[in-house]
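>>> Predicted model and sequence follow; I will ask about them next.
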Amino acid sequence: MKVAIIKYNAGNIRSVAFALERLSVDYEITDNLESIKYADKVIFPGVGEAASTMNYLKEKKLDQVIQGLTQPVLGICLGMQLMCSYSEENNTPCLKIFDEVVKKFPQGREKVPHIGWNSLSNLSGWLDPLLENQFVYFVHGYYVPVNACATAIADYITPFSAAMKKNNFYAVQFHPEKSAAAGKNVLESFLKNS
Amino acid sequence: MLAKRIIACLDIKDGRTVKGTNFIELKDAGDPVELAQAYCQQGVDELVFLDISATNEKRKTFASLVKKIASHIDIPFTVGGGISSVDDASSLLEAGADKISINSSAIKNPELIDNISKNFGSQFLVLAIDAKKIDNQWVVHSHGGAVQTNKKIFSWAKEGQERGAGEILFTSMDHDGTKNGFANDALQKLNDLLQIPVIASGGAGLPFHFVEAFKLGKADAALAASIFHFGEIKIPELKQFLRDHHIAVRF
């Protein structure tokens, strides 16, 4: 099995690669359209800003390639948000794989961005039920509201989608590559069962 | 529920872990990667690696250590020490660091905060501030506490946030090494003032000091070094203690 990690102008791609190495999974960090199309699985990682990242994806024609993928694809953090229809972050039209609008956490008493370990609840579908109430690591200032595709929920200011699935597209708002044993479990679920 | 974070700090000199008492006397406490893995198994939430090597040559060694850490560690970690340019930040990001911390270089050149956060995002940048109370004012110090500046902590922290720092790591030089507890008054003020997370540092000696930092100081995270390294406080016991005091922690 070969996993393509989509290379773009974002942080933490190296961390995802290291996580796959720890799982002894063969991977390639690439923005080559053919390599991505023909990989067994694709990971779309991300830390960054929505508008500049979408522009980059369009320039490289990666947007259409991602939309057209039929193998299992895992979006992480910004990757998950860019799979939605639209992001309030600089009013950015996104990939429209999920029908949701990505919203900004309201600035109030709680600190934004949401940084740190938070617990998962209402797990369903592709995730191991043992992860119910387990903590995973989040870093984000925007969120995807709870919706029909949500397969796990977390709560910060408001309940939001911590994980989603639609057809061959999987997504997590947290960083499994930085979430110790719980994160490893999530990556294994994607790599083995999807 | 968002958990309060427990952070272990490893001072690194020439590739080895050391920890000073009140920043001066150094003791060798082992191999950084091994120690980091041990902390991960104990359930620490985050790690900080601070390079205190004196020369640029030795700092290159640190970058390769960062890569080794990133390949072995599956929790977030911050690296700091001697970062003074966007290029320095970029090479540490490339090596796999989740965050970097800057201190003296930001005091000297505050625009570095803007430039790093613009290039890599606020989530990548921790502004570390060392301060001590002089004439009832929290005065910021640079160069590992050696040089007094004209900055005051609250205005400097606020400026740091506005320029794009993602977190503030506040070390009270008055409390560091004393084991008498964190600077909870100053922490509380910082936390009320800022919209970004504040990490408490300096003064931890007992598990109850962490309860105080979270409840009185309202800190989002608390950091310690030698008390963890020498096993005076064990992470699992600390977390149980915090849980018993109704503080949300990761298990």
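Looks like it came in fine.
>>> need the contact list for the one residue in chain B that gets nearest to chain A.
Here chain B gets closest to chain A at one residue, B:Arg250, 3.9 Å apart by C-beta to the nearest C-beta. No exception for glycine: its C-beta is placed from N, CA and C like everyone else's. With contacts defined as C-beta atoms under 8 Å, 6 or more residues apart in numbering or on different chains, the neighbours of B:Arg250 are A:Trp117, A:Phe135, B:Ala3, B:Arg5, B:Gly43, B:Asp45, B:Lys239.
>>> The third one is in contact with A:Ile115, isn't it?
Pointing back at B:Ala3 there. No - contact criterion C-beta atoms under 8 Å: B:Ala3 and A:Ile115 do not qualify, at 11.0 Å.
>>> Which one's more surrounded, those two?
A:Ile115 (25 against 21; other C-beta atoms under 10 Å in any protein chain shown).
>>> Any residue of stretch B:220-231 touching chain A?
Yes - judged by C-beta under 8 Å from any C-beta of the partner chain, stretch B:220-231 comes into contact with chain A through B:Asp220, B:Ala221.
>>> so how far is that stretch from its chain's centroid?
Here the centre of mass of C-alpha atoms in stretch B:220-231, compared against the chain's by C-alpha atoms, centre = their mean, to the nearest Å, lies 10 Å away.
>>> ok, A:Tyr27 touching A:Met1?
No - applying C-beta under 8 Å as the test, A:Tyr27 and A:Met1 come out as separate, 9.4 Å apart.
>>> So those two - more neighbours on which side?
A:Tyr27 (19 against 10).
>>> what does the helix or strand containing that one rub up against?
Counting by DSSP states H and E, the element that carries A:Tyr27 is strand A:26-30. Residues outside strand A:26-30 that contact it (C-beta under 8 Å, 6+ apart) are A:1-7, A:13, A:17, A:20-21, A:35-36, A:39, A:43.
>>> Paired strands for it, with orientation please.
strand A:2-6 (parallel) (DSSP bridges).
>>> Could you give the average pLDDT over the partner strand?
Computed over strand A:2-6, the mean pLDDT rounds to 97.
>>> And for stretch A:138-153?
On average, stretch A:138-153 scores 96.
>>> where in chain A is pLDDT low?
Regions of chain A meeting the criterion pLDDT under 70 cover residues A:10-11, A:194.
>>> can you do 80?
A:9-12, A:47-48, A:109, A:193-194 (pLDDT under 80).
>>> Find the residue at the geometric middle of it.
A:Ile76 (1.9 Å; C-alpha atoms, centre = their mean).
>>> right, and that one touches A:Phe44 too?
Yes - if you go by C-beta under 8 Å, A:Ile76 and A:Phe44 touch, sitting 6.9 Å apart.
>>> Within range of chain B, give me the residues from chain A.
So chain A meets chain B at A:11-12, A:14-15, A:18-19, A:21-22, A:47-49, A:107, A:111-119, A:135, A:137, A:139, A:155-156, A:175, A:177-181, A:183-184 (C-beta under 8 Å from any C-beta).
>>> quick revisit: who touches both of A:Tyr27 and A:Met1?
Joint contacts of A:Tyr27 and A:Met1 (C-beta under 8 Å, 6+ apart) do not exist.
>>> quick one: which of the contacts of strand A:26-30 is nearest chain B?
A:Glu21 (6.5 Å).
>>> now the helices for the chain?
Reading this off chain A. A:13-22, A:33-37, A:50-59, A:62-68, A:78-82, A:180-188 (DSSP state H).
>>> not what I meant, chain B
Going by DSSP H, chain B shows helices at B:32-42, B:56-72, B:86-95, B:104-108, B:111-120, B:153-163, B:184-193, B:207-215, B:226-229, B:235-244.
>>> The lengthiest strand in chain A: how far from the chain's middle?
Secondary structure assigned by DSSP state E gives strand A:158-166 as the longest strand of chain A. Offset of strand A:158-166 from its chain centre (C-alpha atoms, centre = their mean): 10 Å.
>>> got a list of contacts for it?
Applying C-beta under 8 Å, 6+ apart, the external contacts of strand A:158-166 come out as A:80, A:97-98, A:100, A:105, A:118, A:120, A:123, A:125-127, A:136, A:138, A:143-147, A:149-154, A:170-174, A:186.
>>> hmm, 7 Å instead?
Strand A:158-166 has contacts (C-beta atoms under 7 Å, 6 or more residues apart in numbering or on different chains) with A:80, A:97-98, A:120, A:125-127, A:143-147, A:149-154, A:171-174.
>>> returning to what we had before: what residues of the strand holding A:Tyr27 count as buried?
Across strand A:26-30, burial judged by 16 or more other C-beta atoms under 10 Å in any protein chain shown covers A:Tyr27, A:Ile29.
>>> just stretch B:172-188 next, same as before
Buried, per 16+ other C-beta under 10 Å, within stretch B:172-188: B:172-177, B:179, B:181-184, B:186-188.
>>> Could you identify the pair within those that is furthest apart?
The most widely separated members of the buried residues of stretch B:172-188, counting by C-beta to C-beta, are B:Gly177 and B:Gln188 (21.8 Å).
>>> Return the subset of the buried residues of stretch B:172-188 lying in strands.
Among the buried residues of stretch B:172-188, the ones falling in strands (DSSP E) are B:Ser172.
>>> now the buried residues of stretch B:172-188 as TSV including pLDDT and distance to A:Gln71?
TSV is the format used below for the buried residues of stretch B:172-188 (pLDDT from 0 to 100; distance: C-beta to C-beta, whole Å):
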residue	pLDDT	distance to A:Gln71
B:Ser172	97	53
B:Met173	97	55
B:Asp174	96	58
B:His175	95	54
B:Asp176	93	52
B:Gly177	89	55
B:Lys179	95	55
B:Gly181	97	54
B:Phe182	98	50
B:Ala183	98	53
B:Asn184	98	53
B:Ala186	98	53
B:Leu187	98	49
B:Gln188	98	51
